[in-house]
Each structure stands twice: as C-alpha cells, then as structure tokens.
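# No sequence on hand, only this structure:
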Ligand SMILES: Nc1ncnc2c1ncn2[C@@H]1O[C@H](COP(=O)(O)OP(=O)(O)OP(=O)(O)O)[C@@H](O)[C@H]1O
C-alpha cells in the first residue's frame, strides 16, 4: 500500500472509531472550555472509588449473611429430628418446618439482593475501564503505525473485558463468605465438640494453600490465552479484509496454514487454562470430601459410644451430633465457591491487564497522538469524569472559504530517521484559492494534507486555518469546517445514504444525503440498489463510484470552508477522472481547495501548484 493509501485508510479508520473519537474530542473541548473541571476531578475520583468499594463490600456482606442463615435452619432441623427420636409427635415438626421454610425464603431473598448489588457495583468499574481503553485508542493518530491492531482491540474491549465483570461481581462476595462463614461455623461447632472443630480446622487451610499455588499458574495461563486469542482475532480480521488480494495472488493455502497454526496455539492455551481449572476443582473436592467424611465418621462412632472423647468430657446428644453433621458441608461450601470463582479471578485479572495495556499511554515516545484528543490518565479518572458527550467547542470562524497558512513545518513519523516533509516547509494559501500539491511519490503530500486536517501535530512550526492556529484547543472545531477526500475511501457496510452522512448531524439527514448523492451522480446507483446494503469494504461499488461517494461525503458538509483531496483521480480512466475533476471544482465553489495529485490535467485546472521537493523551494504558477 502506498503512503497515500495508508493515510487515506488511516483517516477512514478515524471515521470508523467515530463515536469514541468524537467523545474524546468533545471531552477535550469541554475540559478546555470549563477550566475548573480538571481541578475538581481528583476529589470526585476518590469519592467514586470509595462508593464502588463500599457497594461491593455491602453486596458481599449481604451474601455472607444469607449463607449464615443456614445455621438457624440446621439447628431447627437437628432439634426437630432429635425431638422425633425422643418420641415427640409428628405435629411437633410443624413449627420447625415452618421456621426452616421461612428462613429459606429469607435466605433466597437476601442472596438475590446481594447478587444483584454485586453485579450493579461491578458494572461501572468495567464500563470505566472499557471507556479508558477506547479513549486511549481514539487518542492515537490514525497515521500511527504502532496503534493496536483493530481485531485485537475489538477482542479485548468487546469480548475479553466481560471477564472483569464476572471477577468483580463474584470473587469478592465469595472471598468475603470464605473468610466469615467457616469461622462462624467453627465457633458454633467447637462448644459442642473440640474434635469436630479440630478436624475442620486442619482440613480448611489446606484448601486456600493449594488454591494459591494453583492460582499463580492459572493467572499466567489465562494471560497467555488472552494474548493468543487477541493475536488470532487481529490476524483473522486483517486477512479477511484482504481476502481478494489473498485469493488473486494464490496465497489462500499459506494463510489457511498460518490461521490453523494460530488456532492450534489458542486451543493449547485454552486447554492449559481448563486443565488448571479442573485440577483446582479436584483438589478442593478431595479435601472438602475428606473433611466432611472425617467429621461424619467421628460423630457416628461417638454417638455409638466407640469414640467417647472430644465433647468436653460429656457425650453429644443426637440433635447436637446432627447439628455438627449438617454444618460440616456448609463449612466447606464457601471454600468450594471461592475455588469455583478462582478461575474468574485469573481470567478477570488477565482481562484487566489487557485493558490496562490498551489504556496505558505510550511512554517510549513511539506513539503519534491525535491532536485535541483526550489522553486518559487512569481508568479511575475515566470513572470519575462525566460522560464526555456534549456539544463540541464552538469555534468563531466566518462562514465561507478558509485561508491556510503553515510556517516552518517539520514532521518525522515515530521511529523514522528521515523527515516526511521538506525542511522548514511553509505555504500560504488564500481563502477561496484552488491549489495542487505536486511532487514525486513519498515527498510528503499526503502527510502535509494530514497535518492540515489535524490528524497529527507537526514537531515544529505552526499551522493556521482561517486565521486560527490549529492546536489542541480548537482542532475539533476546525475539523468540522474541513472536508476530506481520501484516495481509497473506506466504505462501511450499510446503505449508500448512511455511508454519506456517517452519523453526522444535519437538519434533515436523509434529504441532505440524497442531495449529496444526486450531486455526485450516484442517484442512479442508489436507485438501482434500491436501498440495499453495500458490502464490507465497498464490495458492490466500482472504484470510480467509491470515489464519487467520497465526494458526496465532502459535499454533505455544507459548513466546510476547506476541501482537502488526496489523489482523487489516481487509478481512474480519463473520462471518469475528468468527471471527478469537474465535481471537485464544483465542490470548491466558495471554498478553498488543496489537492495532492500526480495528474497534470487536474493540476492545470487549479489556480496554482506547489511543488514539494526537499531541494527546491515551493514553486508557484498561476
Ligand atoms: N503512517 C506512516 N507512518 C510512518 N511513515 C509514513 C506514514 N505515512 C507515510 N510515511 C512515510 O512518509 C513519507 C511521506 O509519505 P507521503 O504518503 O506523505 O508521501 P506522498 O508524497 O503522499 O506519496 P504518494 O505520492 O506516493 O502518495 C514516505 O517516506 C512514507 O514512507
């Protein structure tokens, strides 16, 4: 892909990330407009964090209380059966049965309440993490080659992040239950029998010990699985996009082999995670079964008089023995539950780490930030901030064509040794002027257009659009006054009209989109399709039609005072190129037009040409 193509598709990627990018832009604008907001943020952040933790603790306590209701239930059952054994009538069972039933209902209600609160408490945390990750992705320039692959980002933010919800909503309550319930049960058992208490006490710590040992491996295995899964998604999405190239160049078999190898690695890593999950369950079941069996054996033989010790010098009654027997499995239940969610913890922590990786700003200086985009500091900041949708910062620019001035520009892509633009490059374009940028391939024409569109910031020099400096504060507002026509416009899956409006506001979106389609001579194509959906990547449109669609997108924005076009006639036959040239000139009426081109016929129709060459000074002609 040529550099121009990369810029074009990168710009279109920015459009794909439209909601997140707009959100980030708007947030940045609001932050700047409301000067006091950043100062208020830390206090709000702390409060949110405290509220989240309090809500989670409350939910966990409610669930622990629900579990403890089993104690009076067990006491009632043991007391009733003990009474029966001592000859009490069956009618004496009614009161304890009603008690057990009533307590059971209360327990179910408390449990449901606790689970609901835990879920509700975890959701905002996950949402904040997701938002921080999306904002960090949207804060990278679409020209940034080091941006995370789209497939990987989609897999992490869309799918893997859900593991965080399961971890936060289930692990904390399980941990709380595991730390409260066994102790309370032990405190109830020991006054009756120190031997039963001792058996429980010895069996219990073995479980967390083994869980911790297994947990280390589980986290590493989950992380490895998520990384592999993200890489496979990224590979798959990339190759699906380039399916035509792969097919036509006969690379199907090689791609399928690589995909098979990737899938095999994912399978192995998934099996490793499952093996650890099964192993941890087996260890736990073994120890809890042993613990319950030992208590049962002791109580049984004690009641038979074979083991007459362990009840503080006396002998347990049937009711006391039954009570201890009923409590023994309940003693291990919270530990078993903790083990069941142990895997959630490993998967949740791995997903959280993946989200953090996406939202951590690039400290190695290899990132190319998108000017004006909000740079999220931490996910907690994202949680504390108001939802960043709102009106964009209004920019006071007169309607009509916009002048463009750039002075002493210098720009180097991250990691590149050479500058992408001629040294200390300057241009002055009057409002309403039509200018062609000429120069050999790789001289920086697309890069210059991208800098003027505010898709990246020059390392030195200044740009002014309509007399306003292009900076973080007003880049979002200025972009709304520009129209961009990429060389390889990205066509989204959807109707032609939706592809023209791209969700942008207009008084009557449908009518404006249809008008733009008519203007771009696409009305017949739209009529022939009958509102049908255009396939992914523009399948169903010819190259010329795709370009006319890009022109329609530009024409949709009536506010645009500056049109930036990147090689609009490249790869077109002469007749189509002439038609596109005429449309472009029509679009430029009452606007400023800057077009990067290798087409001499298009350049000849401009008022002036500017040559980008490292050695020559910009050359002009009228
Ligand atoms: N996103 C990018 N990341 C890193 N380097 C880039 C990127 N885009 C372009 N370049 C490099 O910057 C230089 C200028 O590229 P640019 O696309 O601006 O040239 P161009 O004059 O538009 O070329 P063409 O006429 O072929 O479209 C080239 O050396 C190119 O390899």
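Noted; the coordinates are in hand. Just so it is clear, the structure is predicted and the values come from calculations on it, not from any experiment.

# how far out from the middle of the chain is stretch 204-214?
What separates the centre of stretch 204-214 from the centre of its chain is 34 Å, taken as C-alpha atoms, centre = their mean, to the nearest Å.

# Can you report how many residues neighbour residue 432?
Using other C-beta atoms under 10 Å, residue 432 is surrounded by 17 other residues. Every residue, glycine included, has its C-beta placed from N, CA and C.

# State the distance from it to residue 259.
53 Å (C-beta to C-beta, to the nearest Å).

# Whichever helix in the chain runs longest packs against which elements?
When the chain is scanned for its longest helix (criterion: DSSP state H), the result is helix 252-303. With contacts taken as 3 or more C-beta pairs under 8 Å, 6 or more residues apart in numbering; DSSP states H and E, helix 252-303 sits against helix 194-241, helix 318-359.

# Direction-wise, compare that helix with helix 194-241 and give the angle.
Relative orientation of helix 252-303 versus helix 194-241 (axes from the mean of the first three to the mean of the last three C-alpha atoms, to 10 degrees): 170 degrees.

# avg pLDDT for helix 252-303?
The average pLDDT within helix 252-303 is 86.

# Pull the distance from that helix to the chain's centre.
29 Å.

# Give me the below-cutoff pLDDT ranges for this structure.
The model of the chain has pLDDT under 70 over residues 1-53, 215, 361-365, 374-395, 530-532, 537, 613-622.

# Recalculate using a threshold of 50.
For the chain, the stretches with pLDDT under 50 are 1-42, 44-45, 382-393, 615-619, 621-622.

# show me where it has strands.
Counting by DSSP state E, the chain has these strands, from start to end: 404-410, 425-429, 434-438, 460-465, 468-469, 482-485, 562-566, 592-596, 608-611.

# Tell me which of these approaches residue 173 most closely.
For residue 173, the closest of these is strand 482-485, at 50.9 Å, according to C-beta to C-beta.

# Which residues does the closest one contact?
Where contact means C-beta atoms under 8 Å, 6 or more residues apart in numbering, the residues beyond strand 482-485 that reach it are 11, 449, 452-453, 465, 547, 550-551, 553-555, 557, 560-566, 568, 584, 587, 591.

# what lines up beside it in the sheet?
Applying DSSP bridges, strand 482-485 is found paired with strand 562-566 (parallel).

# Please state the offset of the partner strand from the chain centre?
The chain centroid and the centroid of strand 562-566 are separated by 32 Å, computed with C-alpha atoms, centre = their mean.

# Now for the closest residue to residue 521 other than its chain neighbours, how many residues are close by?
Nearest non-adjacent residue to residue 521, counting by C-beta to C-beta, 6 or more residues apart in numbering: residue 548, 6.1 Å away. Residue 548 is flanked by 24 other residues according to other C-beta under 10 Å.

# again with residue 195
Here the number of neighbours of residue 195 (other C-beta under 10 Å) works out to 21.

# how about the residues of the stretch 501-622 of the chain near the ligand?
Proximity of the stretch 501-622 of the chain to the ligand (C-beta under 6 Å from any ligand atom) is limited to residues residue 596.

# For residue 188, find the nearest of the strands of the chain.
Between residue 188 and these, the shortest separation by C-beta to C-beta is 72.4 Å, and it involves strand 482-485.

# any residue of that closest one up close to the ligand?
No. Using C-beta under 6 Å from any ligand atom, strand 482-485 never reaches the ligand; the gap is at least 13.7 Å.

# now swap in stretch 139-157 and tell me
Yes. Residues of stretch 139-157 are located near the ligand by C-beta under 6 Å from any ligand atom, namely 143, 145.

# Counting neighbours, show which residues of that stretch come out buried.
Neighbour-count burial for stretch 139-157, with 16 or more other C-beta atoms under 10 Å as criterion, is recorded at 139-144, 147-148, 150-157.

# And for stretch 279-291?
280-281, 283-284, 287-288, 291.

# for stretch 301-308, same thing?
By neighbour count on 16+ other C-beta under 10 Å, the buried set for stretch 301-308 is 302-303.

# go on, stretch 426-442?
Going by neighbour count (16+ other C-beta under 10 Å), the buried part of stretch 426-442 is 427, 429, 431-439.

# out of these, which touch the ligand?
The subset of the buried residues of stretch 426-442 within reach of the ligand, by C-beta under 6 Å from any ligand atom, is residue 439.

# Among the buried residues of stretch 426-442, which one sits closest to the ligand?
Of all those, residue 439 has the smallest distance to the ligand: 5.7 Å, by C-beta to the nearest ligand atom.

# The closest one against residue 597, yeah?
No. The pair residue 439 / residue 597 is not scored as a contact, 9.8 Å apart, by C-beta atoms under 8 Å.

# The residue in the stretch 201-350 of the chain that the ligand sits nearest to and residue 245, how far apart?
Nearest residue of the stretch 201-350 of the chain to the ligand (C-beta to the nearest ligand atom) works out as residue 238 at 16.3 Å. Per C-beta to C-beta, residue 238 is found 11 Å from residue 245.

# which ones are touching residue 237?
149-151, 154.

# What separation is there between it and residue 469?
Note on residue 237: its distance to residue 469, by C-beta to C-beta, is 38 Å.

# Please apply the same query to residue 220.
Here the distance between residue 220 and residue 469 works out to 50 Å (C-beta to C-beta).

# Just the ones of the contacts of residue 237 in helices?
150-151, 154.

# which among these gets closest to the ligand?
Comparing those against the ligand with C-beta to the nearest ligand atom places residue 150 closest, at 15.2 Å.

# Distance check, the closest residue to that closest one other than its chain neighbours against residue 152.
Closest residue to residue 150 apart from its sequence neighbours, by C-beta to C-beta, 6+ apart: residue 237 at 6.0 Å. Using C-beta to C-beta, one gets 9 Å for the distance from residue 237 to residue 152.

# before we move on, what about residue 601?
43 Å.

# Likewise for residue 509?
33 Å.

# And the protein, what are its domain boundaries?
Here the domain parsing of the chain from automatic domain parsing is 36-360, 404-611.

# State the phi and psi torsions of the residue sitting furthest away from the middle of the chain.
Going by C-alpha atoms, centre = their mean, the residue of the chain most distant from its centre is residue 87, 65.9 Å out. Dihedral angles of residue 87 (phi, psi; degrees, to the nearest 10) stand at phi 90, psi 10.

# residues in contact with it?
Counting by C-beta under 8 Å, 6+ apart, residue 87 makes contact with nothing.

# mind checking how far the residue most central in space within the chain is from residue 229?
Nearest to the mean C-alpha position of the chain, by C-alpha atoms, centre = their mean, lies residue 157 at 2.7 Å. For residue 157, the distance to residue 229 (C-beta to C-beta) stands at 13 Å.

# what does residue 276 give?
For residue 276 relative to residue 229 (C-beta to C-beta), the value is 16 Å.

# for residue 262, same thing?
Distance, residue 262 to residue 229, by C-beta to C-beta: 10 Å.

# Settle it for me: which of those two has more neighbours?
Neighbour tally, residue 262 and residue 229, criterion other C-beta under 10 Å: the higher count belongs to residue 229, 21 against 18.

# ok, now how distant is the more buried one from residue 265?
The gap separating residue 229 from residue 265 is 10 Å, by C-beta to C-beta.

# next one: stretch 64-71 to chain centre, how far?
On C-alpha atoms, centre = their mean, the centre of stretch 64-71 falls 38 Å from that of its chain.

# Hmm, I typed the wrong one, I wanted stretch 499-516.
29 Å.

# buried sites along that stretch?
Neighbour counts over stretch 499-516 (16+ other C-beta under 10 Å) mark 499-501, 504, 506, 509, 512-516 as buried.

# Distance to residue 527 added to those, as TSV?
Listed next are the buried residues of stretch 499-516 as TSV, based on distance: C-beta to C-beta, whole Å:
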residue	distance to residue 527
499	15
500	15
501	18
504	23
506	21
509	19
512	18
513	14
514	10
515	14
516	15
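
# Pretty sure the residue nearest to residue 521 sits against residue 583.
Yes. Using C-beta under 8 Å, residue 548 is in contact with residue 583, at 7.1 Å.

# which neighbours do the two share?
Counting by C-beta under 8 Å, 6+ apart, the shared contacts of residue 548 and residue 583 are 520-521.

# Many thanks, have a good one.
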